[in-house]
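>>> Okay, here's the prediction I keep looking at, along with the sequence it came from:
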Amino acid sequence: MRIVIGEGSCGIAAGAEKMYKALEPLKNGFSLGITGCIGMCFLEPIADIYDDRGLLLKRLVRVTPSDAPRIAAAVTSGDLSSLSDLEITDDDASFLSKQTRIALRHCGRIDPEDIGSYLADDGYRAITKVLKDYTPEQVIDEIKTSGLAGRGGAGFPTWFKWDAARKAPGDEKYLICNADEGDPGAFMDRAVIESDPHSLIEGMLIAAYAIGAENAFVYVRAEYPLAIKRLKKAIADAEAKGFLGEHILGTDFSLRLRIKAGAGAFVCGEETALIESLEGSRGMPRLKPPFPAQKGYVGKPSNINNVETFANVAWIINHGGAAFAAMGTETSKGTKVFAITGKIRRGGLVEIPMGLTLRDVIFGIGGGIRGGKRFKAVQMGGPSGGCIPESLLDTVIDYKALSATGAIMGSGGMVVMDEDTCMVNMAKFFLDFTTKESCGKCVPCRVGTKRMFEILDRITKGEGEQSDLEKLETLCAGVKDGALCGLGQTAPNPVLTTLRYFRDEYEAHISEKRCPAKECPALRRYRIDPALCRGCTLCARKCPVGAISGAVKEPHAIDPAVCVRCGACETACRFGAVIAE
Amino acid sequence: MKEVDLSFLRSLLGEYEGDPHALIEILQRAQEHYGYLPKEVIAEVSRVTGTPAAKIIGVATFYAQFRLNPVGKYLIMLCKGTACHVNGADGIEKAVSEELGVGDGETTPDGLFTLKTVACLGCCSLSPVMMVNDETFGSLTPQKAVEILRGYRGGERS
């Protein structure tokens, strides 16, 4: 038998490496291996037990090093019945069984650090087939049939970009993979690179062949050290096996692939900013046209796609574009990967065919809200996207339908919020982000987002005025129309959607000086419930302004005139007697 | 002030000779070696590559990764991404900040800790998250975060 530990970044943060080290000295009659992200982050660390034919016998979840001896003993003896308390429940297992995995097809199954493991799972079959039987035009046709669209957020047809780059005049062309996954709340690209780097390489090989590029870059966020490490190894291994480099598989096709680490700027996800950054400059977007397909990296025709887009390509070649197009809706084909996080019961990576509803994903797969709270909204598309309310949970996942809500498909971050999340504060959070990440080149974005942030900040502090909402709306329209690039043009979306669906929360902050979610500190009121207070005096000692009085073992009280609403008493109280309202 | 030994940088610059697009990579590797980008390093990169120092500073201040000042022995990267925000990152920041007596971007007087908030570490399902050097800590509470830092400080004393 074989024990395989899920070692993606999330798994490692949850203790997967410690688990591996605990099992290593106990190896007796079984082998030990790693895999990437299994996708069930909420159950990490995970240990899978396989039989010698590679059949999954048992999936053990939330394992700790103290479980290692009995796991090793059971696997050595061949009798796994004693491990049933660690085994995944059927309910949790449905998280995976309800998914359709194309881009993530190898994730959590193969060893990302072993090219042999990828080769054994159909790896590099598509590029072999392409180099043997396809002209570049036929590859582009196949991608056109599949209906694959850019998974980074914009949803632009992939074949169209490839075709434009192919037809652009010039011999020197570049292929670029955008792995600058900057949307806070999205981590599918990291998971794909960490768990299945060869799928990315193979997808890029096919794209490079199609557009006629001999040089390619993967632009990865510097915050993803494990992804960079595994991709580096994968590139070296692919070169050693003749899948990368000069005269690939004995043909005239050559491709040199290099990694460029980003240096931490969200705007570099915008393709022209990314090119500036590749060239070693500040990542400030260029005016389009000319588009990268005409004038990209070092002024040469370039094509940029996202990691998830490339991860689909080999599958499309192996199974045919029609098989991919058979999944999804009229306007959105295939599958999409989502990173579900926030107040969700089962958070992780989900890949589903387009056309399911948000409810299917959040409640059917994600298991709904944690801790019995009520669903309030789901944020999609990060700082460029919007918040979708409960009334629209039956919206179909499809580029068009999601855009109609005011949010966007985006790269696939889905942050779920419950009744405790303040939507005004949420909008402020995103504007704080865009203000910091605006490159400063154009005025509407640089100044407009700042002014929007200031208004939102005032409102959350209870200093908002009725006219602020109108001002916000005017600013939103101005920034949307006037900004140079996608970052600025979409920056108002979090404000616009919250104003549209949660206007009552804005109103409550402004006219009643009340935060319905009780999240905004300046609008909170604290009181002590005399029935719960034991008179331990801890809160009185913690209060920085001496607003709490009361004798020992007698119920205490807060003087609202003195209280500065810092919340120290609430954090300090061990009896839940301090109530925030 | 200690003098900066530029021999590493000089051999590094040799590797990139003739590559006009390598500035970010050079700065990344220099920072990895020196811990930050000292003035002397920027001046030397400028002298050797012919890139104006103003452009180098422009690049170094544009990207969040670069630092113009030394950092503490332990660099705390506190995630303030969306998922962490929803799960209480503000409370974690407040607790860490109070424990160390420093704000975002500052270093403790003993040179042990530097606190830096970051946009997203990509471990959203474990939110709220922080990294101390290369180690990631998830599912934090204000108390847990403080205990982790005390652990590092305790390890220093023993």
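Yes, it's here.

>>> CA only for contacts and neighbour counts going forward, please
Will do.

>>> secondary structure element for the residue lying farthest from the centre of chain B?
The C-alpha centroid of chain B is most remote from residue B:18, which lies 29.0 Å away (Cα atoms, centre = their mean). Taking DSSP states H and E as the definition, one finds residue B:18 inside no helix or strand.

>>> and it, what pLDDT?
For residue B:18, the model assigns a pLDDT of 91.

>>> That one and residue A:283, how far apart?
For residue B:18, the distance to residue A:283 (Cα to Cα, to the nearest Å) stands at 22 Å.

>>> Ok, residue A:521 next?
From residue A:521 to residue A:283 the distance is 36 Å (Cα to Cα).

>>> Over to residue A:417?
32 Å.

>>> Next: residue A:247.
34 Å.

>>> ok, these two, which is more surrounded?
residue A:283 (28 against 13; other Cα atoms under 10 Å in any protein chain shown).

>>> Could you verify my assumption that that one touches residue A:265?
Yes - at 7.4 Å, residue A:283 counts as touching residue A:265 under the criterion of Cα atoms under 8 Å.

>>> Identify the contacts common to these two.
residue B:62 (Cα atoms under 8 Å, 6 or more residues apart in numbering or on different chains).

>>> Poorly predicted segments of the chain, please.
Just going to use chain A. By pLDDT under 70, chain A has no low-scoring segment.

>>> try again with chain B
Ranges of chain B meeting pLDDT under 70: B:1-2, B:158.

>>> Give me every residue in it lying close to chain A.
Contacts of chain B with chain A, taken as Cα under 8 Å from any Cα of the partner chain, map to B:20-25, B:28, B:58-59, B:62-66, B:81-84, B:86-87, B:119-127, B:135-138.

>>> Would you mind listing which of these are buried?
The neighbour count (16 or more other Cα atoms under 10 Å in any protein chain shown) marks B:21-25, B:28, B:59, B:62-66, B:81-84, B:86-87, B:119-127, B:136-138 as buried among the residues of chain B next to chain A.

>>> Neighbours of residue 130, how many?
In the absence of a named chain, this looks at chain A. That count, for residue A:130 with other Cα under 10 Å as the rule, works out to 20.

>>> meant chain B, my bad for not saying
Count around residue B:130 with other Cα under 10 Å applied: 30.

>>> Please apply the same query to residue A:388.
27.

>>> same question, residue A:394
Neighbours of residue A:394 (other Cα under 10 Å): 12.

>>> That one belongs to a helix?
No - per DSSP: H, G, I helix; E, B strand; the rest coil, residue A:394 lies outside any helix segment and is coil.

>>> isn't it right next to residue A:359, touching?
Yes - Residue A:394 is in contact with residue A:359 according to Cα under 8 Å; the separation is 5.8 Å.

>>> quick one: common contacting residues for those two?
Between them, residue A:394 and residue A:359 share no contacting residue, judged by Cα under 8 Å, 6+ apart.

>>> secondary structure element for residue B:25?
Counting by DSSP H and E, residue B:25 is part of helix B:23-34.

>>> what comes into contact with that helix?
A:260-261, A:263, A:277, A:280-281, B:9, B:12-13, B:16, B:36-37, B:41, B:56, B:59-60, B:66-67.

>>> Check stretch A:11-26 too.
A:5-7, A:32, A:37, A:41, A:44-46, A:63-65, A:68-69, A:72, B:126, B:135-138.

>>> Out of those, which end up buried?
Using 16+ other Cα under 10 Å, the buried ones in the contacts of stretch A:11-26 are A:5-7, A:32, A:37, A:41, A:44-46, A:63-65, A:68, A:72, B:126, B:136-138.

>>> ok, residue A:88 - contacts?
Per Cα under 8 Å, 6+ apart, neighbours of residue A:88: A:59, A:60, A:61.

>>> Where neighbours are concerned, which of those has the most?
residue A:60 (22 neighbours).

>>> what's near enough to touch it?
Contacts of residue A:60 by Cα under 8 Å, 6+ apart are A:46, A:47, A:48, A:49, A:83, A:86, A:87, A:88.

>>> what are the phi and psi values for it?
Here the main-chain torsion angles of residue A:60 (degrees, to the nearest 10) amount to phi -100, psi 140.

>>> Kindly provide the distance from it to residue A:17.
Distance from residue A:60 to residue A:17, by Cα to Cα: 15 Å.

>>> swap in residue A:231?
From residue A:231 across to residue A:17, the span is 19 Å (Cα to Cα).

>>> Neighbour count for those two, which is higher?
residue A:231 (26 against 19).

>>> Need the residues that contact the lengthiest helix in chain B.
For chain B, the helix with the greatest residue count under DSSP state H is helix B:142-157. Residues outside helix B:142-157 that contact it (Cα under 8 Å, 6+ apart): B:91, B:92, B:93, B:95, B:96, B:99.

>>> give me that answer again for 7 Å
Contact with helix B:142-157 is made by B:91, B:92, B:95, B:96, B:99, as judged by Cα atoms under 7 Å, 6 or more residues apart in numbering or on different chains.

>>> same thing with stretch A:395-406?
With Cα under 7 Å, 6+ apart, stretch A:395-406 has contacts from A:329, A:332, A:354-358, A:386, A:388, A:408-409, A:493, A:497.

>>> So which of those residues belong to helices?
Per DSSP H, these map to helices at A:358, A:493, A:497.

>>> Break chain B into its domains for me.
B:7-62, B:74-157 (automatic domain parsing).

>>> Domain boundaries for chain A, per the record?
Using automatic domain parsing, chain A is parsed into the domains A:2-92, A:115-324, A:335-418, A:423-511, A:524-580.

>>> Near chain B, which residues of chain A? Just list them.
Within chain A, the positions lying close to chain B (Cα under 7 Å from any Cα of the partner chain) are A:9-10, A:13-14, A:41-42, A:184-187, A:223, A:263-265, A:279-282, A:341-342, A:347-348, A:415, A:421.

>>> Quick check: phi and psi at residue A:41.
Phi and psi for residue A:41, reported as degrees, to the nearest 10, are phi -60, psi -30.

>>> How about it, nearest residue that isn't a chain neighbour?
residue A:348 (4.8 Å; Cα to Cα, 6 or more residues apart in numbering or on different chains).

>>> now do residue A:485
Spatially, and ignoring its direct neighbours in sequence, residue A:485 is nearest to residue A:285 (6.6 Å; Cα to Cα, 6+ apart).

>>> Sticking with the one you found, tell me its helix or strand.
For residue A:285, there is no host helix or strand (DSSP H and E).

>>> residues near it, how many?
24.

>>> Might one say that it is in contact with residue A:275?
No - using Cα atoms under 7 Å, residue A:285 is not in contact with residue A:275; the gap is 8.6 Å.

>>> any common contacting residues for these two?
With Cα under 7 Å, 6+ apart, residue A:285 and residue A:275 have no common neighbours.

>>> What are the buried residues along the host helix or strand of residue A:500?
In this assignment (DSSP H and E), residue A:500 forms part of helix A:493-501. Residues A:493, A:494, A:495, A:496, A:497, A:498, A:499, A:501 are the ones in helix A:493-501 that count as buried (16+ other Cα under 10 Å).

>>> Appreciated, that's everything.
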